[in-house]
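Novice: sequence and predicted structure below; questions after.
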Amino acid sequence: MPLPLINPFSGHARRYFKREFGKEAFAEAKEKLLGRVKLGLSLEVDAQSFYILLMAASLRGHASKEARAAKEIVRKQVSSRILTLLRQQGWGTSSFNPEDLIYLLEGFELLTIAQAGVELDAGDARLLAKHESEPLLYAVPWHELLPALRGRKLSLPRLYITGGYALLTLKQAVECYAESIVEKCDNFIRSIEGEVQDERLEEIADALARVAISSMPVFTRRTGKALKEELFPPCIRTTLSGVGSGSRNYAITVLLTSFLSYARIAPFNAGENARIADFINDISVVTEEVLPVIYAAAERCSPPLFEDQPLEKLNINYHLGFGLTEEPRLEDSGKSPWYFVPNCEKIRREAPALCSPDKYCKEVKNPLVYYTRRRYAREEK
């Protein structure tokens, strides 16, 4: 029996891509929208249903929430299919052969540690056996990590790298592979954007929008409102008034940038790997509401921050998650981490001059919590 489809961009799957699909493929696309994973489908219908999701997403643009939802569906489908097949082959039992995963990951340069010829001393072997509660079984060249690193699914400092290889657990290897497929999805959506026309795809695009909203954790759906400066914590009010050269970089680029962006855009727990584009559809929220306040505070510093350090503007955009760019765009959201607001303890340690606690400070451990509690307590009254 041939293997079920895992990679919709494999050579044998790509031959089924076309601009119009039948009812069966659309029905299966809707099944994927519901999160259902099926391994017994015909290759043609299975492949076409993946393309339907991506083509529908292209109607709304590669940076849209629909595109993000489609890519997340593909990621989960790929990962679930691989892990289901591995369980069928004994994963989790003593009979499992780690080489079975290599057979499934088409076009991915995955080897077992032994196949890669990586030699480990006794200390290394003990470390590997305990890595994140899973053994490190596989070795991949560094370039195979790039999609997962760009997608922030892996953190380079936390990886074990030796002899030109990154050593991975089974789940990390699956995640790397799935992320490489997601990157192909992004390229595919970009390549057909503006070219696809099919009324039935509009229905799928609307469903993707609903998936994007429903998949957000409940606590992130309450997005921000216009900022209320009178409710800011003392450290933020001090920063806004202008600080000296000893504290200004930390105060402006690290503290104020993170505080204002989260307070305005995602005042409640945004979750791990949050991006600004997950919460807003209009970049003017950043360029017209957040950045001008940051720039004004930077100008009040002594000396003005950008006067002798103009590159700090790039650094501010980097901390907002747009990478090192002069002009933030929503499609660039996620090119760097969106830095979260530092805790009070860290602020006291890094910039003690900013910390002048008031009666509300003793109840919180983070400036954002200070603001959200006061802001929404007032509104509830």
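Specialist: Good, I have the coordinates.

Novice: can you tell me which residue is spatially central in the protein?
Specialist: Among the residues of the chain, Asn273 comes closest to the average C-alpha position under CA atoms, centre = their mean, at 4.4 Å.

Novice: OK, contacts around the closest residue to that one other than its chain neighbours?
Specialist: Take Asn273 and drop its neighbours on the chain: the residue closest to it by CB to CB, 6 or more residues apart in numbering is Arg152, 5.0 Å away. Placement of C-beta: from N, CA and C, glycine included. Taking CB atoms under 8 Å, 6 or more residues apart in numbering as the criterion, Arg152 is in contact with 273, 334, 337.

Novice: helix/strand/coil for Arg152?
Specialist: coil (DSSP: H, G, I helix; E, B strand; the rest coil).

Novice: need the pLDDT of it.
Specialist: In this prediction, Arg152 carries a pLDDT score of 73.

Novice: now the element after the worst-scoring helix or strand of the chain on mean pLDDT, going C-ward?
Specialist: None of the helices or strands of the chain scores lower by mean pLDDT, DSSP states H and E than helix 122-129, at a mean of 56. The C-terminal neighbour of helix 122-129 among helices and strands, as given by DSSP states H and E, is strand 138-141.

Novice: mind giving me the packing neighbours of that next one?
Specialist: Contacts defined by 3 or more CB pairs under 8 Å, 6 or more residues apart in numbering; DSSP states H and E place strand 138-141 against strand 111-112, strand 165-168, helix 170-192.

Novice: out of the ones you listed, nearest to Arg373?
Specialist: Put simply, out of these the one that sits nearest Arg373 is helix 170-192, at 36.1 Å, with distance taken as CB to CB.

Novice: now do the closest one, average pLDDT.
Specialist: Rounded mean pLDDT across helix 170-192 is 94.

Novice: mind listing what's buried in the helix or strand that that helix is followed by?
Specialist: For helix 170-192, the following helix or strand on the C-terminal side (DSSP H and E) is helix 199-214. When neighbours are counted by 16 or more other CB atoms under 10 Å, the buried residues of helix 199-214 are found to be 201, 204-205, 207-209, 211-212.

Novice: what sits up against helix 199-214?
Specialist: Contacts of helix 199-214 (CB under 8 Å, 6+ apart): 26, 29-30, 33, 52-53, 55-57, 59-60, 65-66, 68-70, 73, 221.

Novice: what count of nearby residues applies to the residue nearest to Glu345 when sequence neighbours are not counted?
Specialist: Distances taken as CB to CB, 6+ apart put Lys365 closest to Glu345, at 7.1 Å, once the chain neighbours are dropped. Counted with other CB atoms under 10 Å, residues neighbouring Lys365 total 11.

Novice: I'd say Lys365 and Lys346 touch.
Specialist: No - in this structure Lys365 lies outside contact range of Lys346 using CB atoms under 8 Å: 10.1 Å.

Novice: how about low-confidence regions in this protein?
Specialist: With pLDDT under 70 as the threshold, the chain has low-confidence stretches at 1-2, 121-133, 213-224, 269, 272, 378-381.

Novice: which residue ranges make up the domains of it?
Specialist: The domain map for the chain lists 11-214, 221-380, with the assignment taken from automatic domain parsing.

Novice: for the closest residue to Gly242 other than its chain neighbours, grab phi and psi.
Specialist: Residue nearest to Gly242 in three dimensions, not counting chain neighbours: Arg300, with 3.0 Å by CB to CB, 6+ apart. As for Arg300, its main-chain torsions (degrees, to the nearest 10) stand at phi -80, psi -10.

Novice: wait, doesn't Arg300 sit right on Thr239?
Specialist: No - with contact defined as CB under 8 Å, Arg300 and Thr239 do not form a contacting pair (9.2 Å).

Novice: which one of these two has more residues nearby?
Specialist: Looking at Arg300 and Thr239 with other CB under 10 Å, you find the greater number of neighbours at Thr239, namely 28 against 16.

Novice: show me what contacts the more buried one?
Specialist: Applying CB under 8 Å, 6+ apart, we find Thr239 in contact with 251-252, 255-256, 297, 354.

Novice: residues near Thr372, how many?
Specialist: Burial of Thr372, expressed as a neighbour count using other CB under 10 Å, amounts to 20.

Novice: how about it: what's its closest non-neighbour residue?
Specialist: Nearest-residue entry for Thr372: Pro267, 4.9 Å, with adjacent residues in sequence omitted and distances by CB to CB, 6+ apart.

Novice: so the one you found sits right up against Val369, yeah?
Specialist: No - using CB under 8 Å, Pro267 is not in contact with Val369, being 9.6 Å away.

Novice: if I look at the residue nearest to Gly242, how far off is Phe232?
Specialist: Taken as CB to CB, to the nearest Å, the spacing of Arg300 relative to Phe232 amounts to 15 Å.

Novice: buried residues in stretch 61-78?
Specialist: Judged by neighbour count using 16+ other CB under 10 Å, the buried positions of stretch 61-78 are 61-75, 77-78.

Novice: kindly check the end-to-end length of stretch 317-330 for me.
Specialist: Start-to-end span of stretch 317-330 (CA to CA, to the nearest Å) is 12 Å.

Novice: tell me the gap between it and the middle of its chain.
Specialist: With CA atoms, centre = their mean, to the nearest Å as the basis, stretch 317-330 stands 15 Å off its chain's centre.
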